[in-house]
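Colleague: sequence first, then the predicted structure:
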Amino acid sequence: MQDVYLLFVFVLYLLECCVSLKLVAGWEFLNLHCRDNKNEPVGWWYIYKPPSNVGPTMESGINFTYLTPDVSGSLTASTSNIFSNAMLRYTMAPMFNVEYLDYMALVVYEGREPKELFKGSASLGIMMANAVGGIWIGHTIPGFPDLKPDTPVFPPEELKNGHMLMCLTLDLMTINSMAIAIKQTEPNISKIVIPEKLKFSLPEWVNLMIPDHQIKRSKTSVRKTKVLHFLTRDKSLRGVILARSPGNTRCLYKSFAKTKGIVMDVYGHKEHNRLVECDRKYGIRNINSISLKFPEVVYYITNSSDSMGFAVSTGGAWQRSGISKNQYWMCTGNIENQPLSAKGGIVACVSNFQIWRSFDILKVNEPQCPSLNL
């Protein structure tokens with residue numbers, strides 16, 4: 001009889017633990033990770049969806065390539081399409097579950113067009129967080145995500161364009177600080193939900209709900225670029241977020257290259273041809289086209305048909321040796337694919353050989369610099 005009683009007490013204890021967990025943080029917190037095509041949690045991922053006009057098997061625009069920690073050395077073609085139950089849908093699933101919003105904070109932000117003295121924002125992204133951390137998705141897709149019920153996970157009207165998405169799984173302190181970078185870019189906050197019990201842990205998210213005082217827009221009043229260093233929650237990836245305010249015409253890649261003493265090759269809007277700058281200590285070079293190389297076929301893509309952009313560090317032979325050690329940086333964001341302007345936006349740079357190589361091998365040719373008199 002005593003054994004039956006002990007079993008009863010044990011069952012009650014388990015039930016109480018489950019209820020307590022749901023009340024404190026929600027059992028759902030285990031789901032707030034970037035997720036791969038198998039719905040397994042990962043520290044980070046990249047998705048590149050090529051334009052629809054690149055060639056056979058890609059003409060529909062629904063195919064995508066991806067990079068995760070367990071994929072080595074190159075972007076891999078997904079066997080699932082962008083609309084299916086795959087990494088994008090799995091990662092975003094919590095934000096479409098209304099019950100999760102009792103335990104989870106959510107921010108969806110999008111770009112703003114220039115108006116009068118406001119120079120506009122190119123910032124696009126999603127943040128989700130709970131009591132232990134969260135995820136940030138930066139992307140280049142206008143109209144994504146569609147927050148209306150029963151809508152496709154990817155906007156059909158953007159299938160014709162190439163796009164990039166990046167996901168980071170971050171701890172609570174870092175995901176809170178991400179709001180500082182986002183606010184710097186002055187995007188339109190299309191949705192923000194912060195449960196009362198999370199407001200203390202996410203004070204910078206709360207600040208997103210408070211409009212800034214109007215400031216005079218001039219070259220002298222532009223705010224300094226925000227720099228946020230990050231490490232993913234699983235400590236597999238470290239990097240830096242650069243957030244540019246509207247009205248700031250400085251090239252983030254040039255500033256980053258100068259700081260690190262490296263050369264950055266930039267693939268983005270064709271107007272970036274004017275950014276070519278070669279110095280003995282740092283430089284910016286332009287990538288005109290890229291190629292996706294698969295065993296059976298190679299697809300060539302020009303930056304005039306692509307909304308995606310990225311930059312990779314390189315050690316050009318013309319660069320004076322000994323200036324800096326080998327550095328394997330890859331940057332992507334929503335500024336390099338914009339016409340040269342003063343829009344606010346974010347660039348995320350990571351130091352990781354696997355990621356660097358996956359994007360460096362996309363180059364069709366090595367960019368060139370004018371000859372230097374050494």
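Modeller: Received the coordinates, thanks.
Colleague: check for me that Ala348 belongs to a helix.
Modeller: No: under DSSP: H, G, I helix; E, B strand; the rest coil, Ala348 sits outside any helix and is assigned strand.
Colleague: looks like it contacts Gly239 (just checking).
Modeller: Yes: between Ala348 and Gly239 there is a contact under CB atoms under 8 Å: 6.3 Å. For glycine as for every other residue, the C-beta is placed from the backbone atoms N, C-alpha and C.
Colleague: ranges for the strands of the stretch 101-250 of the chain?
Modeller: 105-110, 125-129, 133-139, 163-171, 188-193, 226-231, 238-244 (DSSP state E, counting those that start in this stretch).
Colleague: the first one pairs with which strands, and in what direction?
Modeller: Pairing partners of strand 105-110, with direction, according to DSSP bridges: strand 125-129 (antiparallel), strand 188-193 (antiparallel).
Colleague: residues contacting that strand, please?
Modeller: 95, 123-130, 134, 142, 145, 147, 179, 182, 187-195, 198, 202, 205, 208 (CB atoms under 8 Å, 6 or more residues apart in numbering).
Colleague: could you check the angle strand 133-139 makes with that strand?
Modeller: 10 degrees (axes from the mean of the first three to the mean of the last three CA atoms, to 10 degrees).
Colleague: any idea how far strand 105-110 is from the chain center?
Modeller: 13 Å (CA atoms, centre = their mean, to the nearest Å).
Colleague: ok, now the fourth one?
Modeller: If you compare the mean C-alpha spot of strand 163-171 with that of the full chain, they lie 4 Å apart, counting by CA atoms, centre = their mean.
Colleague: helices or strands next to it in the packing?
Modeller: Applying 3 or more CB pairs under 8 Å, 6 or more residues apart in numbering; DSSP states H and E, we find strand 163-171 packed against strand 34-35, strand 44-49, strand 133-139.
Colleague: Ser305: which of those strands is closest?
Modeller: Nearest to Ser305 among these is strand 44-49 (12.8 Å), distances taken as CB to CB.
Colleague: paired strands for the helix or strand following that closest one, with orientation please.
Modeller: Per DSSP states H and E, the first helix or strand lying C-terminal to strand 44-49 is strand 65-67. Strand pairing for strand 65-67, determined by DSSP bridges: strand 44-49 (antiparallel), strand 76-77 (antiparallel).
Colleague: shaky segments in the stretch 201-350 of the chain?
Modeller: 212-222, 269-275, 315-325, 336-341 (pLDDT under 70).
Colleague: hang on, isn't Tyr48 packed against Asp306?
Modeller: No: Tyr48 is beyond contact range of Asp306, at 9.4 Å (criterion: CB under 8 Å).
Colleague: what about the helices in the stretch 251-374 of the chain?
Modeller: For the stretch 251-374 of the chain, the helices defined by DSSP state H, counting those that start in this stretch cover 252-260, 353-360.
Colleague: which among those helices is found nearest to Leu101?
Modeller: So among those, helix 353-360 is nearest, using CB to CB, at 32.3 Å.
Colleague: can you give me how far stretch 198-214 is from the chain middle?
Modeller: 21 Å.
Colleague: no, scratch that, I was asking about stretch 96-110
Modeller: Using CA atoms, centre = their mean, the offset of stretch 96-110 from its chain centre is 18 Å.
Colleague: which non-adjacent residue is nearest Glu277?
Modeller: Ile284 (4.8 Å; CB to CB, 6 or more residues apart in numbering).
Colleague: and the one you found, what does it touch?
Modeller: Ile284 is in contact with 251, 253-254, 257, 263-264, 266, 275-278, counting by CB under 8 Å, 6+ apart.
Colleague: I'd like to know how far it sits from Val266.
Modeller: Separation of Ile284 from Val266 (CB to CB, to the nearest Å) stands at 6 Å.
Colleague: cool, Leu292 as well?
Modeller: Distance of Leu292 to Val266, computed by CB to CB: 18 Å.
Colleague: picking up where we left off before, quick one, which of the helices and strands packed on strand 163-171 gets closest to Pro156.
Modeller: strand 44-49 (12.3 Å).
Colleague: return the closest one as CSV; C-alpha atoms alone will do.
Modeller: Taking C-alpha atoms only, strand 44-49 is exported to CSV below (Å, rounded to 0.1, in the frame of the first residue of the first chain):
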residue,chain,number,x,y,z
TRP,A,44,23.2,29.4,-36.6
TRP,A,45,22.3,28.9,-40.3
TYR,A,46,22.4,30.8,-43.6
ILE,A,47,19.8,30.4,-46.4
TYR,A,48,20.5,31.7,-49.9
LYS,A,49,17.6,31.5,-52.3
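Colleague: what does it rub up against?
Modeller: 34, 36, 61, 63-69, 75, 82, 87-88, 91, 154, 162-169, 232, 236-237, 308, 332, 350, 355, 358.
Colleague: just the angle between that strand and helix 353-360, please?
Modeller: Going by the same axes, to 10 degrees, strand 44-49 makes 10 degrees with helix 353-360.
Colleague: roughly how far is strand 44-49 from the heart of the chain?
Modeller: The chain centre lies 9 Å from the centre of strand 44-49; the measure is CA atoms, centre = their mean.
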